[in-house]
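Enquirer: Got a predicted structure here, sequence first:
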Amino acid sequence: MIYVTRKAEFSASHYYHNPSLSPEENRRMFGKCNNPHGHGHNYTLEVTVAGEIDPATGMVLDLKDLKRILEAEVIQLMDHKFLNKEVPAFASKIPTTENIAIEIWNLLAPKLTVGRLHRIRLYETPDLFVDYYGD
């Protein structure tokens with residue numbers, strides 16, 4: 001098994017808010033991250049695909065194809081967006097780094113026709129990242 005990883009970057013803003021909590025509980029739980037005007041991050045995304053090498057191409061998958069899928073499914077949807085208000089999945093889900101990673105998995109997994117999605121690694125800051133390996 002070979003693991004191929006492609007990296008992409010995007011910027012987005014969000015805020016943490018649970019509508020089932022009172023405004024006071026939200027402020028206590030999420031602090032400054034509950035600011036309704038949001039705050040932004042420069043995210044680094046690593047997408048790892050696992051598979052066997054195709055003897056005809058010598059590759060697990062064509063990285064240009066993976067880049068195209070990433071651009072169409074993730075970057076166009078999330079780059080320079082206010083996630084809570086502009087990305088439908090986060091209208092009812094708090095856009096934490098964990099939930100963003102899961103959403104990216106859900107967007108990409110069905111689009112891969114070669115190999116299988118192995119890992120989503122999403123960096124929110126240089127020293128904070130989430131790894132998601134699917135269900």
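Expert: Great, that's in hand.

Enquirer: need the contact list for K7.
Expert: T44, L45, E46, V47 (Cβ atoms under 8 Å, 6 or more residues apart in numbering). Where you see a C-beta, it was placed from the backbone N, CA and C, and this is true even at glycine.

Enquirer: Give me the secondary structure label for the first one.
Expert: Right, the one you point to is T44. Reducing the assignment at T44 to three states with DSSP: H, G, I helix; E, B strand; the rest coil gives strand.

Enquirer: what sits opposite the closest residue to it other than its chain neighbours in the beta ladder?
Expert: Excluding the flanking residues, the one nearest T44 by Cβ to Cβ, 6 or more residues apart in numbering is Y123, at 4.0 Å. For Y123, the beta-bridge partners under DSSP bridges are T44, F129.

Enquirer: sorry, back to before: please, a PyMOL command that selects the buried ones among the contacts of K7?
Expert: Typed into PyMOL, the line below selects the buried ones among the contacts of K7, using 16 or more other Cβ atoms under 10 Å:
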select buried, resi 44+45+47
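
Enquirer: how about the contacts of K7 in a markdown table, adding pLDDT?
Expert: Below are these laid out as a markdown table (pLDDT from 0 to 100):
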| residue | pLDDT |
| --- | --- |
| T44 | 97 |
| L45 | 98 |
| E46 | 98 |
| V47 | 98 |
